[in-house]
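> give me coordinates for this.
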Amino acid sequence: MDLRFATFSEIDLDNRTFEIRRFAASTRLKDSLARFGILDPPWLQQKGAQYIAVDGFQRLGWAKENGAKGAVCRIFGQDCDIREVWSRRIEKKIFESGINLAEKAQIMSVLIVAFQSQEIPSFFLSGMNVSNRPDVPAKWALLSAGGTETLEMLASGAIAERAALEVAEWDERSRDSLLSVLKALKCSASIQVEIVEHIREIAVREQKSGADIIEAPRSREILMSGDLNHRQKTQALRTLLAELRYPRLSSRQNQFRRDLEALGLPSGIRIIPPPAFEGNNWEMELSFNGPEELRKIVHSARSIVESDRLDAIWRWDRRPGSPLPSAAARQKQDENKTTSNEG
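Okay, here's the model as predicted:
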């Protein structure tokens with residue numbers, strides 16, 4: 001690339017062909033420009049009698065706003081192949097500084113057009129920690145095509161990459177609705193994925209969109225609550241979605257809690273069911289400060305243990321002798337419902 005001074009009358013700053021927007025406010029560049037001016041020459045490409053910007057959109061804009069007549073720039077010739085220009089532009093972007101999810105989505109969208117999914121150079125994918133699975137670049141391109149609102153949420157830093165890819169193929173309303181919720185909840189990546197998967201599975205089973213689940217009255221009551229902080233909202237939403245996804249298990253858990261309360265166990269005793277109420281390995285946990293307290297706990301619990309009141313905990317749906325279906329059976333029932341609805 002040649003290095004030369006280009007005047008702003010020669011540069012078409014309205015042409016944004018090569019722009020990769022950050023969609024996140026940062027004062028670092030502005031502060032650096034104010035202190036030192038332009039240290040790294042912007043890149044241009046000649047197009048007829050004018051130039052278009054390739055890299056350095058903000059630097060060029062700052063120079064023009066501050067009364068400069070132009071700037072020293074590196075120039076791509078008019079005959080330079082567009083794939084070569086994009087390759088250098090993207091390589092500089094990737095390895096110069098950390099990129100956010102919005103930038104990654106835009107870059108992947110460009111690479112798909114320039115190289116086709118199967119021909120994208122591997123060093124670009126590894127440089128961005130992007131899987132080389134055939135479907136992944138297309139998902140990033142869909143996120144890029146989502147528009148400004150989607151890209152701003154991706155750039156916020158609050159959305160986990162895997163969660164973003166999981167919703168890439170959702171309809172626009174559902175995708176943006178869920179991304180907005182995840183941004184507000186500020187929860188971990190694993191919890192974001194859990195929420196996404198539950199909503200998707202519920203939506204498929206009930207033949208609804210993801211937005212229908214998110215915007216349902218019970219969900220909105222949690223998300224719009226002024227009494228809950230973001231952690232409490234996250235936990236309340238997870239509980240609700242688990243209840244909707246596995247209704248029989250949730251019903252059993254609620255019944256178990258009510259039975260324990262009715263039983264009136266001493267405060268030092270906990271009865272712990274097997275995971276998902278599957279199997280017969282129940283546990284009892286005792287908490288005490290010494291032998292005297294232990295004697296009191298055992299004495300107060302003896303009448304409960306020797307009565308038939310304890311049997312209620314092992315009954316399902318209040319039907320004596322009716323066993324609780326295994327967790328595998330309950331999950332199979334839910335999956336069958338989902339499969340039948342998909343068909």
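> drop to CA atoms for contacts and neighbour counts, all remaining ones
Fine.
> check which helix or strand covers residue 238.
helix 230-245 (DSSP states H and E).
> may I see the buried residues of the helix or strand that that helix is followed by?
Moving toward the C-terminus from helix 230-245, the first helix or strand encountered (DSSP H and E) is helix 247-263. For helix 247-263, burial by neighbour count (16 or more other C-alpha atoms under 10 Å) applies to 248, 249, 250, 252, 253, 255, 256, 259.
> go on, stretch 288-308?
297, 301.
> how far is it from where the chain is centred?
On the basis of C-alpha atoms, centre = their mean, to the nearest Å, stretch 288-308 sits 48 Å off its chain's mean C-alpha point.
> now do stretch 161-176
Counting by C-alpha atoms, centre = their mean, stretch 161-176 comes out at 8 Å from the chain centroid.
> who touches that stretch?
The contact list for stretch 161-176 (C-alpha atoms under 8 Å, 6 or more residues apart in numbering) reads 101, 136, 139-140, 142-143, 146, 149-150, 154, 179, 189, 192-193, 196, 209-212.
> what subset of the residues you listed is buried?
101, 136, 139-140, 142-143, 146, 150, 154, 179, 189, 192-193, 196, 209-212.
> sort out for me which of those are in helices.
Applying DSSP state H to the buried ones among the contacts of stretch 161-176, the entries found in helices are 101, 136, 139-140, 142-143, 150, 154, 179, 189, 192-193, 196, 210-212.
> out of those, who's nearest residue 87?
Residue 87 lies nearest to residue 140 out of these, by C-alpha to C-alpha, at 17.8 Å.
> give the contact list for the closest residue to that closest one other than its chain neighbours.
Among residues not flanking residue 140 along the chain, residue 105 sits closest, at 4.8 Å (C-alpha to C-alpha, 6 or more residues apart in numbering). By C-alpha under 8 Å, 6+ apart, the residues touching residue 105 are 140, 141, 143, 144.
> how close does the residue sitting nearest the centre point of the chain sit to residue 183?
By C-alpha atoms, centre = their mean, the chain has its centre lying nearest to residue 163, at 3.2 Å. When distance is defined by C-alpha to C-alpha, to the nearest Å, residue 163 is 11 Å away from residue 183.
> got the buried residues for stretch 159-168?
So, applying 16+ other C-alpha under 10 Å, buried residues of stretch 159-168: 159, 160, 163, 164, 165, 167, 168.
> so what pLDDT did residue 324 get?
pLDDT recorded at residue 324 is 41.
> check residue 94 too.
For residue 94, the pLDDT comes out at 91.
> hmm, it is touching residue 129, no?
No - Residue 94 is beyond contact range of residue 129, at 10.5 Å (criterion: C-alpha atoms under 8 Å).
> so the two - more neighbours on which side?
residue 94 (18 against 10; other C-alpha atoms under 10 Å).
> spit out the contact partners of that one.
Residue 94 neighbours (C-alpha under 8 Å, 6+ apart): 124, 127, 128.
> again, but for residue 142
109, 168, 169.
> in strands, which of those appear?
Among the contacts of residue 142, no member falls in strands (DSSP state E).
> which ones among the residues you listed map onto helices?
Filtering those for helices - DSSP H - leaves residue 109.
> closest one to residue 68 out of the contacts of residue 142, please.
residue 109 (33.9 Å).
> and the closest one, how close does it get to residue 294?
Per C-alpha to C-alpha, residue 109 is found 66 Å from residue 294.
> again with residue 186
43 Å.
> what of residue 123?
65 Å.
> check which helices and strands whichever strand or helix holds residue 64 sits against.
Taking DSSP H and E as the criterion, the element that holds residue 64 is helix 57-65. On a contact count with 3 or more C-alpha pairs under 8 Å, 6 or more residues apart in numbering; DSSP states H and E, helix 57-65 meets strand 70-76.
> the strand it packs on pairs with which strands, parallel or anti?
Sheet partners assigned to strand 70-76 using DSSP bridges are listed as strand 2-7 (antiparallel), strand 43-47 (parallel).
> state the mean pLDDT of that strand.
For strand 70-76, the per-residue pLDDT averages 97.
> do stretch 240-255 as well
On average, stretch 240-255 scores 84.
> try stretch 198-210
Mean predicted lDDT for stretch 198-210 stands at 95.
> now do stretch 37-45
Mean predicted confidence for stretch 37-45 is 96.
> and it, how far out from the chain's middle?
The answer for stretch 37-45 is 35 Å, by C-alpha atoms, centre = their mean.
> you'd agree residue 40 is in a strand?
No - assigned with DSSP: H, G, I helix; E, B strand; the rest coil, residue 40 falls outside any strand and is coil.
> in stretch 40-53, which residues are buried?
Of the residues in stretch 40-53, 41, 42, 43, 44, 45, 46, 50, 51, 52, 53 count as buried by neighbour count, 16+ other C-alpha under 10 Å.
> quick one: contacts for the last one?
Residue 53 makes contact with 11, 12, 13, 15, 16, 18, 42, 43, 44, 45 under the criterion C-alpha under 8 Å, 6+ apart.
> quick one: which of those residues is nearest residue 114?
Using C-alpha to C-alpha, residue 18 is the member of these that lies nearest residue 114, at 12.3 Å.
> follow-up on the earlier one: TSV for the buried residues of stretch 40-53, including distance to residue 299?
Formatted as TSV, the buried residues of stretch 40-53 follow (distance: C-alpha to C-alpha, whole Å):
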residue	distance to residue 299
41	83
42	82
43	83
44	86
45	87
46	91
50	93
51	90
52	86
53	83
